[in-house]
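Trainee: next come a sequence and a model predicted from it.
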Amino acid sequence: MMNFNEPDDEQTVTKPQFSNLSASKIADQFWCEMQLHLKLQLGMEPTEEMIKGSEIHRSLEEELGPVIEVVVTTAEDSIIAYILQLYSKLQLLITKGLTRELPVIGKINDIPVLGIIDQLEFEEFEQKKILVITDFKTRMSKSNPSFEQKRRNQVQMQVYWHLLHDLIENKYSIKMFKEYFEITKELKPSKELTDQLLDEHKLLLKKNKPLVLLDKAFQLFKSLPELSTELRAIYLYQKDQSVVCFDRTFYHDTSFEVDMDWAMDYWLGNRIPNECPQTWMCKFCQFTDNCSYFLKRFLAEKNEKKK
């Protein structure tokens, strides 16, 4: 039952509680920041569309090789699994010229940010090799995504570009990685972790200590060619994975900095979450019962009809 009590006119500015800031969370601010705010507070069950989207991403990843999901119970195993993913995905890029689900990490305005790039590949441009980022989005209908949906996804890809570029240029160093994950000693995988790994990953850990693999991964980042400023989004129809829309945008330093200054102010607790930019978007939101903006607008419309 919707609560029609008068919402508070003033919201208290509080710093959002989050464990890891991701590219997708930042992008969600450019869809509806209040929805993101309520999602962080109340949690959100995955929708059918989200589950199907994850399945399609998994199938795209499996096109390049076997994929396993490991269950980790310790912080140390979690870091080792992350390092394995990082190194193996980079090796795939070097050997095959294409990789999917590549983890990236860095900072935006001194705040640590994580991301997973859907696809990264080598292409030839003006007789030289470049790197191109592609993001896959899935849709339940064959209609083109709205401007707001495209905008959200363009921001997400720009965050990926920034993180990857800083890794390539060594602006985000292995020292910063160790500080973020609080690595102060050599890492040792548990038997529970190694028992779940693919044979190739078991062999990697047999021949290399985890921190050696980490060092190799950062060397691979530094060896990568120039990163193209072109960013591509491919929208797939969920039923048959046919292409609904192909969208291109470009990374631009100045506009990215402006966007991130605005976005990071929220995470630093410097302002309240913004209202949804388009009222039609509220029709697809799970949190209208708890949204002060929506309730205030609903009551205003209700009172207007009484006149």
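Mentor: Nice, thanks for sending it over.
Trainee: how about the strands in the stretch 51-200 of the chain?
Mentor: Taking DSSP state E, counting those that start in this stretch as the test, the strands found in the stretch 51-200 of the chain are 98-108, 111-125, 128-139.
Trainee: which of those is buried the deepest?
Mentor: Mean neighbours per residue, mean count of other CB atoms under 10 Å, is largest over these for strand 98-108, with a mean of 20. Using the backbone N, CA and C atoms, a C-beta is placed for each residue, glycine as well.
Trainee: which strands or helices does it pack on?
Mentor: Using 3 or more CB pairs under 8 Å, 6 or more residues apart in numbering; DSSP states H and E as the contact criterion, the elements in contact with strand 98-108 are helix 48-62, helix 75-96, strand 111-125, helix 147-168, helix 174-180, helix 253-267.
Trainee: reformat these as a markdown table; add distance to K202.
Mentor: Converted to a markdown table, those look like this (distance: least, CB to CB, whole Å):
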| stretch | distance to K202 |
| --- | --- |
| helix 48-62 | 20 |
| helix 75-96 | 10 |
| strand 111-125 | 23 |
| helix 147-168 | 26 |
| helix 174-180 | 23 |
| helix 253-267 | 39 |
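Trainee: out of those, nearest to K216?
Mentor: helix 75-96 (6.1 Å; CB to CB).
Trainee: next one: that closest one to chain centre, how far?
Mentor: 17 Å (CA atoms, centre = their mean, to the nearest Å).
Trainee: could you do stretch 195-203 as well?
Mentor: For stretch 195-203, the distance to the chain centre is 26 Å (CA atoms, centre = their mean).
Trainee: mind putting the strands of the stretch 51-200 of the chain into a markdown table with mean pLDDT and distance to E33?
Mentor: As requested, the strands of the stretch 51-200 of the chain are exported to a markdown table (pLDDT from 0 to 100; distance: least, CB to CB, whole Å):
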| stretch | mean pLDDT | distance to E33 |
| --- | --- | --- |
| strand 98-108 | 98 | 16 |
| strand 111-125 | 97 | 16 |
| strand 128-139 | 97 | 20 |
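Trainee: out of the helices and strands packed on strand 98-108, deepest packed?
Mentor: Greatest burial across the helices and strands packed on strand 98-108, using mean count of other CB under 10 Å, falls to helix 147-168, with a mean of 21.
Trainee: mean confidence for it?
Mentor: Summarised as a single mean, pLDDT over helix 147-168 is 98.
Trainee: follow-up on the earlier one: closest one to M44 among the strands of the stretch 51-200 of the chain?
Mentor: When the strands of the stretch 51-200 of the chain are compared by CB to CB, strand 128-139 sits nearest M44, at 17.7 Å.
Trainee: counting by contacts, list what the closest one packs against.
Mentor: If you count contacts as 3+ CB pairs under 8 Å, 6+ apart, strand 128-139 packs onto helix 48-62, strand 111-125, helix 147-168, strand 226-237.
Trainee: ok, which of those comes nearest F30?
Mentor: Comparing those by CB to CB, helix 147-168 comes nearest, at 4.8 Å.
Trainee: okay, that closest one in PDB with CA atoms only?
Mentor: Only the C-alpha atoms of helix 147-168 are listed here, as PDB (Å, rounded to 0.1, in the frame of the first residue of the first chain):
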ATOM      1  CA  PHE A 147      18.100   9.400 -24.700                       C
ATOM      2  CA  GLU A 148      18.300   8.900 -20.900                       C
ATOM      3  CA  GLN A 149      19.200   5.200 -21.200                       C
ATOM      4  CA  LYS A 150      21.900   6.000 -23.700                       C
ATOM      5  CA  ARG A 151      23.200   8.800 -21.600                       C
ATOM      6  CA  ARG A 152      23.500   6.600 -18.500                       C
ATOM      7  CA  ASN A 153      25.400   3.900 -20.500                       C
ATOM      8  CA  GLN A 154      27.700   6.500 -22.100                       C
ATOM      9  CA  VAL A 155      28.800   7.700 -18.700                       C
ATOM     10  CA  GLN A 156      29.500   4.100 -17.700                       C
ATOM     11  CA  MET A 157      31.800   3.600 -20.700                       C
ATOM     12  CA  GLN A 158      33.500   6.900 -20.000                       C
ATOM     13  CA  VAL A 159      34.300   5.700 -16.400                       C
ATOM     14  CA  TYR A 160      35.700   2.500 -17.900                       C
ATOM     15  CA  TRP A 161      37.900   4.600 -20.300                       C
ATOM     16  CA  HIS A 162      39.200   6.700 -17.400                       C
ATOM     17  CA  LEU A 163      40.100   3.700 -15.300                       C
ATOM     18  CA  LEU A 164      41.700   1.700 -18.100                       C
ATOM     19  CA  HIS A 165      43.700   4.700 -19.300                       C
ATOM     20  CA  ASP A 166      45.100   5.300 -15.900                       C
ATOM     21  CA  LEU A 167      46.200   1.700 -15.600                       C
ATOM     22  CA  ILE A 168      47.900   1.900 -19.100                       C
END
